[in-house]
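> Quick one: sequence plus predicted model below, questions after.
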Amino acid sequence: MRHRRPRGRSIRRCPQCRSERLVYDAALITGQVYHCLDCDYVGSFVIETDEAEPAEG
Ligand SMILES: [Zn+2]
């Protein structure tokens, strides 16, 4: 199932500290996990949110 989002882009946030500084870690067996640079959270679950950036100019 694929949802097309008309506007904005998907932002991934850390579920623990809400940081956007997530990097993609290549895990061995489980596939991929995210690694938060701020709180060291590691996991496949992240918050995905659409944040429409205000159009400036
Ligand atoms: Zn975090």
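Now that the structure is in, tell me what you want to look at. Numbering: from 1, shown residues only.

> contacting residues for the residue nearest to Leu37 when sequence neighbours are not counted?
Of all residues not flanking Leu37 in the chain, Arg21 sits nearest, at 4.2 Å (CB to CB, 6 or more residues apart in numbering). C-beta: built from backbone N, CA, C; applies to glycine. If a contact means CB atoms under 8 Å, 6 or more residues apart in numbering, then Arg21 has Cys14, Cys36, Leu37, Asp38 as its contacts.

> Name the helix or strand for Arg12, please.
Assigned by DSSP states H and E, Arg12 falls within strand 9-13.

> typo on my end, Tyr24
Taking DSSP H and E as the definition, Tyr24 sits inside strand 22-26.

> Tell me which strands that strand pairs with, and in which orientation.
Using DSSP bridges, strand 22-26 pairs in its sheet with strand 32-36 (antiparallel).

> Going by contacts, tell me the helices and strands next to the helix or strand just after the partner strand.
Using DSSP H and E, the helix or strand that follows strand 32-36 in sequence is strand 42-43. Judged by 3 or more CB pairs under 8 Å, 6 or more residues apart in numbering; DSSP states H and E, the packing partners of strand 42-43 are strand 32-36.

> sorry, back to before: identify the residues contacting the strand holding Arg12?
Here strand 9-13 makes contact (CB under 8 Å, 6+ apart) with Ser19, Glu20, Leu22, Tyr34, Val46, Ile47, Glu48, Thr49, Asp50, Glu51.

> what about that strand, average pLDDT?
For strand 9-13, the mean pLDDT works out to 86.

> Confirm for me that Ile47 is in contact with Gln16.
No. Ile47 lies out of contact with Gln16 (CB atoms under 8 Å); the separation is 9.7 Å.

> ok, and which of the contacts of Arg21 reach the ion?
Contacts with the ion within those, as defined by CB under 5 Å from the ion: Cys14, Cys36, Asp38.
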